[in-house]
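Peer 1: Next one to model:
(one chain, ligands or ions: 1)
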Amino acid sequence: MTLKVGVIGFGNIAKAIITPLLDQEILRPEEIVCLVNSKKSFENLKKNYKYKINIYHSNSSESDLVWHCPIKILAVKPQQLKNIKEVNFNENNKYILISILAGVSLKTLESIFPKHNCIRAVTNIPITIGQGLTGIAWNNDIDDKNKNFIKNIFENSGKVYEFSEDYLDIFLALTSSAPAIIALIIDALGDGGLSGGLTKKLSEELVLDMIFGTVLMMKDLKVSPNELKNMVTSPAGTTIAALRILEEKGFRSTLIESIIGAMNKSKEFR
Ligand SMILES: NC(=O)c1ccc[n+]([C@@H]2O[C@H](COP(=O)([O-])OP(=O)(O)OC[C@H]3O[C@@H](n4cnc5c(N)ncnc54)[C@H](OP(=O)(O)O)[C@@H]3O)[C@@H](O)[C@H]2O)c1
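Peer 2: Numbering: from 1, shown residues only. Next up, the predicted model:
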């Protein structure tokens with residue numbers, strides 16, 4: 001068995017990163033070792049995950065196998081990091097550890113995993129459908145061959161941006177937290193439709209297609225948000241009536257502050 005990629009914490013995001021690599025046969029199931037913490041997750045994955053990867057309980061004797069993998073993805077919650085203890089079976093060379101944890105800095109990671117070269121990757125939930133955005137901050141000691149392999153992991157499910165670590169908190173706020181903001185906006189607009197007498201289901205369907213069409217138009221025709229706003233806002237019309245209410249309620253500044261709030265929370269995890 002040649003172990004290639006170890007995954008410490010096989011939850012939502014780890015699954016979204018690994019599954020397309022298996023789908024596209026970039027990795028074979030037997031090359032992957034994953035750890036989870038609870039009996040429930042372990043049994044659920046054993047029974048329901050579509051690939052027969054090596055999956056172990058974090059407190060089983062086999063869990064050490066994950067530390068034999070030259071590349072590891074650390075995908076527990078930041079609050080669970082204190083329970084992970086480094087083991088290094090490769091005395092001569094440092095292995096690579098890619099952390100997808102919100103906020104936790106390279107400096108902190110290197111103090112917890114001194115026998116690994118650590119990398120940070122901030123990714124977002126649309127990687128589940130191959131539409132993700134991933135920001136990577138490298139450690140200086142990673143060579144080009146490993147860089148390409150790691151970039152390939154994430155390019156397989158979306159776009160990759162390379163940053164200095166300082167920009168990862170704002171990247172996270174804008175790409176990783178903001179899908180929840182968009183979902184909330186869709187839900188609220190759907191409630192607007194409901195208030196006007198449509199069903200919630202139809203309202204949400206309309207809102208989703210409206211957003212999709214609006215975004216495509218901005219991207220395909222290279223129309224800026226401000227230009228598009230002006231296109232649909234006629235004098236004394238319905239749209240300016242809506243925008244006036246949003247301005248009065250501080251909608252724009254609330255959105256700006258929500259991004260800053262997410263960025264600051266990410267910085268707290270350092
Ligand atoms: N959710 C997002 O949109 C998103 C986006 C980008 C990045 N992230 C980052 O991705 C990370 C994971 O998020 P998630 O949403 O995938 O969380 P999740 O679904 O809760 O996954 C966490 C995984 O870690 C496992 N785990 C917990 N303690 C462990 C231990 N001591 N040893 C081994 N495994 C352990 C859990 O196992 P059990 O299920 O058995 O407890 C679970 O499989 C977070 O750090 C988050 O910041 C999340």
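Peer 1: Only alpha carbons, please: show stretch 158-168 as PDB.
Peer 2: The C-alpha coordinates for stretch 158-168 follow below in PDB (Å, rounded to 0.1, in the frame of the first residue of the first chain):
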ATOM      1  CA  GLY A 158     -12.100  25.500  -8.700                       C
ATOM      2  CA  LYS A 159      -9.700  28.500  -9.000                       C
ATOM      3  CA  VAL A 160      -6.600  28.900  -7.000                       C
ATOM      4  CA  TYR A 161      -5.000  32.200  -5.900                       C
ATOM      5  CA  GLU A 162      -1.600  32.500  -4.200                       C
ATOM      6  CA  PHE A 163      -1.200  35.100  -1.500                       C
ATOM      7  CA  SER A 164       1.100  36.200   1.200                       C
ATOM      8  CA  GLU A 165      -0.500  35.000   4.500                       C
ATOM      9  CA  ASP A 166      -1.500  38.500   5.500                       C
ATOM     10  CA  TYR A 167      -4.300  38.400   2.900                       C
ATOM     11  CA  LEU A 168      -5.800  35.100   3.900                       C
END
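Peer 1: close to the ligand, is it?
Peer 2: No. Figure legend: stretch 158-168 not in contact with the ligand (Cβ under 6 Å from any ligand atom); closest approach 10.9 Å. No exception for glycine: its C-beta is placed from N, CA and C like everyone else's.
Peer 1: Which parts of that stretch count as buried, going by neighbours?
Peer 2: Residues of stretch 158-168 classed as buried: 158, 160, 165, 168 (neighbour count, 16 or more other Cβ atoms under 10 Å).
Peer 1: Tell me which two of those sit farthest apart.
Peer 2: Within the buried residues of stretch 158-168, Gly158 and Glu165 form the most distant pair, 20.2 Å apart (Cβ to Cβ).
Peer 1: Confirm that Tyr161 sits in a strand.
Peer 2: Yes. Looking at Tyr161 with DSSP: H, G, I helix; E, B strand; the rest coil, it is inside a strand.
Peer 1: From Lys107, how far off is the closest residue to it other than its chain neighbours?
Peer 2: Spatial nearest neighbour of Tyr161, chain neighbours left out: Gly135 (4.9 Å); criterion: Cβ to Cβ, 6 or more residues apart in numbering. Per Cβ to Cβ, to the nearest Å, Gly135 is found 18 Å from Lys107.
Peer 1: higher neighbour count, these two?
Peer 2: Gly135 (25 against 10; other Cβ atoms under 10 Å).
Peer 1: List the contacts of the more buried one.
Peer 2: Shown in contact with Gly135 (Cβ atoms under 8 Å, 6 or more residues apart in numbering): 121-123, 160-163, 167-168, 171-172, 175.
Peer 1: Report pLDDT for it.
Peer 2: For Gly135, the pLDDT comes out at 97.
Peer 1: The one 3 residues further on too?
Peer 2: With respect to pLDDT, Trp138 scores 95.
Peer 1: Surely it and Lys147 touch.
Peer 2: Yes. With contact taken as Cβ atoms under 8 Å, Trp138 and Lys147 are classed as touching, separated by 6.7 Å.
Peer 1: downstream neighbour of the host helix or strand of Ala178 in the secondary structure list?
Peer 2: Using DSSP states H and E, Ala178 sits in helix 178-195. For helix 178-195, the succeeding helix or strand toward the C-terminus, using DSSP H and E, is helix 200-220.
Peer 1: Which other helices and strands does that next one contact?
Peer 2: Helix 200-220 makes packing contacts with helix 178-195, helix 225-232 when contacts are defined by 3 or more Cβ pairs under 8 Å, 6 or more residues apart in numbering; DSSP states H and E.
Peer 1: of all those, which lies closest to the ligand?
Peer 2: The ligand sits nearest to helix 178-195 of all those, at 7.0 Å, using Cβ to the nearest ligand atom.
Peer 1: Next, the buried residues of the closest one.
Peer 2: Buried, per 16+ other Cβ under 10 Å, within helix 178-195: 178, 186, 189-190, 193.
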